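Novice: Prediction below, plus the sequence it came from.
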Amino acid sequence: MTDPALWLLDPWVLNVLIGVATLHPLWRIFRRAGLSPWPSLFILVPILGFPAVGSFLAFQRWPKIPPRMRKGAR
């Protein structure tokens, strides 16, 4: 690797850079939703981190968000 910019093309390095860049926003999303922010660290796991954190947020009940009321329910 003679060109210093070629290391950015390595998929592992790119995954870690994107993971570190999204760690703080995900940490805040978890805290605002009333969840423990520690699962946001899974974003640093290569390949499986993004789907793991996304599915955790998608399918977990958020304690600070009130449940939706059905239409017509009183």
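Specialist: Sure, I can see it.
Novice: Let me see the contact set for the closest residue to residue 33 other than its chain neighbours.
Specialist: Using C-beta to C-beta, 6 or more residues apart in numbering and skipping the chain neighbours, the partner closest in space to residue 33 is residue 62 (4.2 Å). C-betas here are computed from N, CA, C, even on glycine. Contacts for residue 62 (C-beta atoms under 8 Å, 6 or more residues apart in numbering) come out as 33, 34, 35.
Novice: And for the last one, the neighbour number?
Specialist: The one in question is residue 35. 18 (other C-beta atoms under 10 Å).
Novice: ok, it - contacts?
Specialist: By C-beta under 8 Å, 6+ apart, residue 35 lies in contact with 60, 62, 63.
Novice: what secondary structure does it sit in?
Specialist: Here residue 35 is recorded as coil under DSSP: H, G, I helix; E, B strand; the rest coil.
Novice: separation between it and residue 16?
Specialist: Residue 35 sits 24 Å away from residue 16, taking C-beta to C-beta, to the nearest Å as the criterion.
Novice: so what's the residue nearest to residue 33 scoring on pLDDT?
Specialist: Model confidence at residue 62, given as pLDDT, is 83.
Novice: just the one 5 residues further on next, same as before
Specialist: The predicted local distance difference test score for residue 67 is 72.
Novice: and what of residue 45?
Specialist: 87.
Novice: Show residues contacting stretch 41-60.
Specialist: Residues outside stretch 41-60 that contact it (C-beta under 8 Å, 6+ apart): 12, 15-16, 19-20, 22-23, 26, 29-30, 33, 35, 39-40.
Novice: which residues touch stretch 9-26?
Specialist: Residues from elsewhere that reach stretch 9-26 (C-beta under 8 Å, 6+ apart): 7, 8, 37, 40, 41, 43, 44, 46, 47, 49, 53.
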